[in-house]
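>>> got a predicted structure here, sequence first:
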Amino acid sequence: MGTLLQLENITKVFDGLVANDRISLDVREGEIHALLGENGAGKTTLMNILYGLYHPDGGRIRLRGETVRLSSPKDAIMKGIGMVHQHFMLIPPLTVTENIILGLGSLRRPLLDLDSAAEKISSLSAGYGLDVDPRAEVCNLSVGAQQRVEIVKALYRGADLFILDEPTSVLTPQEVDGLFNVLRRLVDEGHSVIFITHKLDEVMDISDRVTVLRDGRLVATVNTAETSKQELARMMVGREIVFRVDKEALTPGETVLEVSGLQVDMEDERCSVALQGMSLSVRRHEVLGIAGVGGNGQTELAGAVVGLFAPVAGKITILGHDTAERSTKGVIKLNVGRIPEDRQAQGLVPDFTISENLIATRYTEPPLSRRSFLNFPFIAELAKGLIGEYDIRPPQPALLAKQMSGGNQQKLILARELHREPDLIVAVQPTRGLDVGATEYIYKELLNHRARGAAILLISTELEEIFTLSDRIAVMFRGEILGIRDAESADLEEIGLLMAGVRPEQQPLREMTP
């Protein structure tokens with residue numbers, strides 16, 4: 001195989017922070033090259049440079065041996081580079097064809113030749129097994145289908161090299177299998193793929209070679225067949241990682257959270273999903289995992305439980321207390337810990353210090369304050385103790401939250417929410433964007449609180465996380481729960497079908513093994 005792409009000593013600096021530090025790698029024709037690293041390692045920055053969104057401060061890019069300057073995505077597209085972003089660049093009200101040809105010229109100027117474009121899209125779709133209807137409105141497509149549209153868009157525009165940024169983060173297991181089949185067909189046809197991910201199983205399954213980044217620097221490029229998950233994890237975080245998390249068998253206790261007939265109506269947005277008569281319960285010593293593709297009502301469920309959204313019907317009780325008239329502050333006073341979906345926008349005040357963020361939800365309560373004045377000596381001691389207990393780095397109480405890594409920001413939230421030993425923990429995407437080391441730490445913390453007697457409502461789009469931590473698994477689809485299964489006996493294929501909206505009575509019968 002010849003070399004398609006060479007990145008040589010690529011450097012990028014943002015406001016004094018070195019995001020990419022003299023990174024070099026090459027991509028061969030007809031290979032899937034995984035780009036692996038923790039959150040903030042520099043993966044997406046490097047690929048945004050390759051796609052013309054950023055300009056490097058040093059180094060050069062060579063395509064087929066020729067040095068190129070990519071000043072914009074248009075330049076990258078003209079050179080045969082296509083990028084499928086983690087958040088799709090599609091306009092929901094438009095059709096597939098309209099989205100794909102948007103910004104391109106037409107042979108029938110000033111008119112659009114939609115019929116010819118649709119025929120070409122159908123041909124590309126069939127040729128690569130992408131199953132895309134050119135006349136469908138994007139708003140009516142599943143997330144997996146929208147991703148296929150993005151791939152067809154890149155093919156339509158003549159891409160030889162595909163960059164996929166965290167492509168499986170929004171897919172069901174069946175859709176992941178389908179995507180991998182498409183990628184294998186692409187490389188069989190001579191295309192090349194750069195696959196950005198933090199999921200080690202996927203790296204081992206789909207890639208030919210893998211490049212590992214850490215702290216903006218190149219660690220190594222290795223042949224996938226000659227490495228292992230353990231070795232890749234060590235390269236990512238610089239130490240050995242224990243992949244297995246031991247979950248003690250416990251008998252569930254009293255019901256802490258009870259949700260019955262819950263309905264939440266959100267502002268009218270095309271393709272938005274609210275809650276439709278949802279019911280569930282979570283008991284002490286139990287983790288109830290909510291599985292589902294993002295955007296199916298998980299945000300509304302978590303928001304309603306913690307008092308952010310007011311239900312229009314149904315009832316929520318926490319240890320027997322009706323929360324209907326309670327604000328978020330009132331819900332927290334029922335001894336509820338909240339790990340929000342977006343740690344920067346919802347969990348922290350970025351311009352506050354570590355100490356200030358540690359008291360942000362209870363600063364008016366004694367002993368944090370006395371007669372409306374903050375008790376600074378007590379706060380200082382509290383911060384010092386929690387920084388040590390939760391291994392928050394760097395251990396500087398006066399450091400601003402925005403100056404911390406994603407993993408340490410998450411530890412800061414855990415310290416604030418869990419040191420009070422809450423009866424109910426609402427954890428939404430608790431390890432999103434974190435490396436395997438930080439993920440391991442958070443899993444252990446949540447299971448320790450489960451053992452203590454907390455009830456945990458875990459909402460995650462990571463199925464591996466759901467299966468690892470949960471005692472029961474509830475699957476959400478379009479604001480409803482389609483089924484609840486014991487995690488120990490849950491079938492991955494069935495869970496995946498439920499995530500795609502296939503109800504139990506619609507699923508094929510499976511042979512029972514003795």
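Perfect, thanks for sending it.
>>> show me where the stretch 401-514 of the chain has its strands.
For the stretch 401-514 of the chain, the strands defined by DSSP state E, counting those that start in this stretch cover 424-428, 455-459, 472-477, 480-486.
>>> residue 53 touches residue 75, doesn't it?
No: judged on C-beta atoms under 8 Å, residue 53 makes no contact with residue 75 at a distance of 10.6 Å. In short, each C-beta sits where N, CA and C put it, glycine included.
>>> before we move on, the earlier item: mind putting the strands of the stretch 401-514 of the chain into a markdown table with distance to residue 383 and mean pLDDT?
Below are the strands of the stretch 401-514 of the chain laid out as a markdown table (distance: least, C-beta to C-beta, whole Å; pLDDT from 0 to 100):
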| stretch | distance to residue 383 | mean pLDDT |
| --- | --- | --- |
| strand 424-428 | 22 | 97 |
| strand 455-459 | 25 | 98 |
| strand 472-477 | 36 | 96 |
| strand 480-486 | 40 | 95 |
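>>> figure out which of those is closest to residue 313.
Closest approach to residue 313 among the strands of the stretch 401-514 of the chain (C-beta to C-beta): strand 480-486, 13.9 Å.
>>> export the strands of the stretch 401-514 of the chain as JSON lines, with columns for mean neighbour count and distance to residue 134.
Listed next are the strands of the stretch 401-514 of the chain as JSON lines, based on neighbours: other C-beta atoms under 10 Å; distance: least, C-beta to C-beta, whole Å:
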{"stretch": "strand 424-428", "mean neighbour count": "25", "distance to residue 134": "36"}
{"stretch": "strand 455-459", "mean neighbour count": "27", "distance to residue 134": "35"}
{"stretch": "strand 472-477", "mean neighbour count": "23", "distance to residue 134": "26"}
{"stretch": "strand 480-486", "mean neighbour count": "18", "distance to residue 134": "30"}
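>>> residue 221 reaches residue 213, doesn't it?
No: the pair residue 221 / residue 213 is not scored as a contact, 10.3 Å apart, by C-beta under 8 Å.
>>> quick one, which of the two is more surrounded?
residue 213 (25 against 15; other C-beta atoms under 10 Å).
>>> wait, a strand at the more buried one?
Yes: Residue 213: assigned to a strand according to DSSP: H, G, I helix; E, B strand; the rest coil.
>>> do a quick rundown of the helices in the stretch 51-200 of the chain.
73-78, 96-101, 114-127, 143-156, 173-188, 200-206 (DSSP state H, counting those that start in this stretch).
>>> repeat for the stretch 401-514 of the chain
So, for the stretch 401-514 of the chain - with DSSP H, counting those that start in this stretch - the helices run 406-418, 436-452, 463-469, 492-499.
>>> quick one: average pLDDT of the last one?
Pointing back at helix 492-499 there. Here helix 492-499 scores 92 as its mean pLDDT.
>>> please identify the deepest-packed of the helices of the stretch 51-200 of the chain.
Of all the helices of the stretch 51-200 of the chain, helix 96-101 carries the top mean neighbour count, a mean of 24, counting by mean count of other C-beta atoms under 10 Å.
>>> who touches that helix?
90-91, 112, 114, 117-118, 121, 132-138, 141, 149, 152-153, 156 (C-beta atoms under 8 Å, 6 or more residues apart in numbering).
>>> and what of stretch 323-342?
299, 302, 305-308, 311, 315-319, 321, 346-347, 361-362, 410, 413-414, 417-418, 420-430, 432, 454, 459.
>>> which per-residue confidence value corresponds to the residue located most distally from the centre of the chain?
Here the chain reaches farthest from its C-alpha mean at residue 371, the gap being 43.0 Å by C-alpha atoms, centre = their mean. Looking at residue 371, its pLDDT reads 81.
>>> how far away is it from residue 364?
Using C-beta to C-beta, to the nearest Å, residue 371 is found at 11 Å from residue 364.
>>> likewise residue 91?
45 Å.
>>> ditto for residue 291
Distance, residue 291 to residue 364, by C-beta to C-beta: 37 Å.
>>> out of these two, which sits in the more crowded spot?
residue 291 (29 against 11).
>>> low-confidence bits of the chain, can you list those?
The chain contains residues with pLDDT under 70 at 39, 105-111, 241-243, 266-273, 433, 509-514.
>>> domain assignment for it?
The chain breaks down into these domains under automatic domain parsing: 3-237, 255-335+420-506.
>>> between the two ends of the longest one, how far is it?
Across domain 3-237, the straight-line distance between its terminal residues is 29 Å, by C-alpha to C-alpha, to the nearest Å.
>>> next one: stretch 487-494
Start-to-end span of stretch 487-494 (C-alpha to C-alpha) is 12 Å.
>>> pull the distance from that stretch to the chain's centre.
Computed by C-alpha atoms, centre = their mean, to the nearest Å, the chain-centroid distance of stretch 487-494 equals 22 Å.
>>> that stretch: which residues count as buried?
487, 490, 494 (16 or more other C-beta atoms under 10 Å).
>>> cool, and stretch 384-402?
So for stretch 384-402, counting by 16+ other C-beta under 10 Å, buried means 386-387, 390, 392, 397, 399-401.
>>> for those residues, which one is nearest residue 191?
Looking across these and measuring by C-beta to C-beta, the closest to residue 191 is residue 401, at 42.1 Å.
>>> just give the closest residue to that closest one, not the sequence neighbours.
residue 348 (4.6 Å; C-beta to C-beta, 6 or more residues apart in numbering).
>>> and the domains of the chain: which comes nearest residue 381?
It's domain 255-335+420-506; of the domains of the chain, that one is closest to residue 381 (C-beta to C-beta) at 15.8 Å.
>>> test my guess that residue 143 contacts residue 171.
Yes: using C-beta under 8 Å, residue 143 is in contact with residue 171, at 6.7 Å.
>>> tell me the residues that contact both of those two, please.
Common neighbours of residue 143 and residue 171 (C-beta under 8 Å, 6+ apart) are residue 293.
>>> now the strands of the stretch 401-514 of the chain as JSON lines including distance to residue 257?
Below are the strands of the stretch 401-514 of the chain laid out as JSON lines (distance: least, C-beta to C-beta, whole Å):
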{"stretch": "strand 424-428", "distance to residue 257": "5"}
{"stretch": "strand 455-459", "distance to residue 257": "6"}
{"stretch": "strand 472-477", "distance to residue 257": "12"}
{"stretch": "strand 480-486", "distance to residue 257": "14"}
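>>> noted, bye for now.
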